[in-house]
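Peer 1: Sequence unavailable; structure follows:
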């Protein structure tokens, strides 16, 4: 094991490493990337130290010598904890997205796989052989998972425990209910092939109803997407220019009132153009992110799928805002 892998391994407690190994199996990885964790840990320490020296240390340098050393150590530790938390959240979001995609892939091919199992059972195979012979390359993620299940069953592990472990490995109600029904058939000793055929029919019907539901809300999805990506940035850009016009008009009225021309004297506004632009940019990105989550929930039934939409909606909305701001500023500047 390399030096970086040693660091990545020993910075994590044993309990966390055990839970992480089980968690990473859902992403298709059976070995934790300890080298990556170790490298990121060293980089985070370096980044925390540099940020502390450049931005925080000057404020502490006025303290007494007795307090300077403990404050320096405490400041670096606090920064390091914050950096580690940010990295942890980033990895968690990434892994959750990978797990969601794998779960979706399994649900898509689950009816075809169960149908293969049913055909093999009707051909006279035992359940474990039916599982093994149902593994096909086109099943993708499910192929690897079923290989693991079949090997465990053929190695003598309890079929119920292995299938139950596989069913609860992913957060999929469809997978769990399908495997539960298969286990009920195995326990009862009835015609498992016939039961699996009924499960396939139910799964296909559920998939069809889901597609119908997605199609029925497509108009709402389009409305939310256009509003978040196009209309919102344009309105923020337009609002900035209207604010500039109103402030300019207010300054003229204030100047005229000071010479006694008018009895109306509007108060001064404290909104700076750069502050409004910063607020607009943050608002556009936040609106795009929230809209992505809503669209993901409507289309795919989980906000976890919204990550891919955020990566599209965020940059596009930001670009439209910048272009609209430059365009409207040029138009109103010519008119002014």
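Peer 2: Structure's in. What do you need? Keep in mind the model is a prediction, meaning the values are calculated, not measured.

Peer 1: Next, report how far the helix ranked longest in the chain is displaced from the centre of its chain.
Peer 2: Ranked by residue count and defined by DSSP state H, the top helix of the chain is helix 65-122. Computed by Cα atoms, centre = their mean, to the nearest Å, the chain-centroid distance of helix 65-122 equals 9 Å.

Peer 1: Could you check how far stretch 15-34 is from the centre of its chain?
Peer 2: 19 Å.

Peer 1: and residue 103, how many neighbours?
Peer 2: 20 (other Cβ atoms under 10 Å). Where you see a C-beta, it was placed from the backbone N, CA and C, and this is true even at glycine.

Peer 1: if you skip the residues just before and after it, what's nearest to it?
Peer 2: residue 170 (4.6 Å; Cβ to Cβ, 6 or more residues apart in numbering).

Peer 1: What helices and strands are in contact with the longest helix of the chain?
Peer 2: Using 3 or more Cβ pairs under 8 Å, 6 or more residues apart in numbering; DSSP states H and E, the elements in contact with helix 65-122 are helix 34-51, helix 57-60, helix 127-133, helix 141-154, helix 173-188, helix 192-216, helix 306-335.

Peer 1: Let me have those helices in TSV, extended by mean pLDDT, distance to residue 282 and mean neighbour count.
Peer 2: Listed next are the helices and strands packed on helix 65-122 as TSV, based on pLDDT from 0 to 100; distance: least, Cβ to Cβ, whole Å; neighbours: other Cβ atoms under 10 Å:
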stretch	mean pLDDT	distance to residue 282	mean neighbour count
helix 34-51	85	22	16
helix 57-60	70	26	13
helix 127-133	81	52	19
helix 141-154	84	37	18
helix 173-188	83	37	16
helix 192-216	84	31	15
helix 306-335	86	10	16
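
Peer 1: now the ones you listed in CSV, with distance to residue 247?
Peer 2: Output for those, formatted as CSV (distance: least, Cβ to Cβ, whole Å):
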stretch, distance to residue 247
helix 34-51, 37
helix 57-60, 35
helix 127-133, 72
helix 141-154, 57
helix 173-188, 55
helix 192-216, 46
helix 306-335, 12
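
Peer 1: Tell me which of these lies nearest to residue 298.
Peer 2: Of all those, helix 192-216 sits nearest to residue 298, with 7.4 Å by Cβ to Cβ.

Peer 1: list the helices and strands that closest one packs on?
Peer 2: helix 65-122, helix 173-188.

Peer 1: how much does it deviate in direction from helix 173-188?
Peer 2: Here helix 192-216 points in a direction 170 degrees away from that of helix 173-188 (axes from the mean of the first three to the mean of the last three Cα atoms, to 10 degrees).

Peer 1: Does residue 39 touch residue 5 like I think?
Peer 2: No: the pair residue 39 and residue 5 does not pass the contact test of Cβ atoms under 8 Å, sitting 9.5 Å apart.

Peer 1: Quickly find the element holding the residue nearest to residue 103.
Peer 2: Per DSSP states H and E: residue 170 is located in neither a helix nor a strand.

Peer 1: tally of neighbours for it?
Peer 2: 19.

Peer 1: Next: residue 172.
Peer 2: 19.

Peer 1: Enumerate every residue touching the spatially closest residue to it that is not a sequence neighbour.
Peer 2: Closest residue in space to residue 172, ignoring its immediate chain neighbours: residue 103 at 5.0 Å, by Cβ to Cβ, 6+ apart. Counting by Cβ atoms under 8 Å, 6 or more residues apart in numbering, residue 103 touches 170, 171, 172, 175.

Peer 1: picking that back up, for residue 54, find the nearest of the helices and strands packed on helix 192-216.
Peer 2: So among the helices and strands packed on helix 192-216, helix 65-122 is nearest, using Cβ to Cβ, at 11.2 Å.

Peer 1: quick one, the closest one and helix 306-335 angle?
Peer 2: Using the same axes, to 10 degrees, helix 65-122 lies at 120 degrees relative to helix 306-335.

Peer 1: What average pLDDT does helix 65-122 get?
Peer 2: Mean pLDDT, helix 65-122: 85.

Peer 1: what's the angle between it and helix 34-51?
Peer 2: 150 degrees.

Peer 1: by how many degrees do helix 65-122 and helix 141-154 diverge?
Peer 2: 80 degrees.
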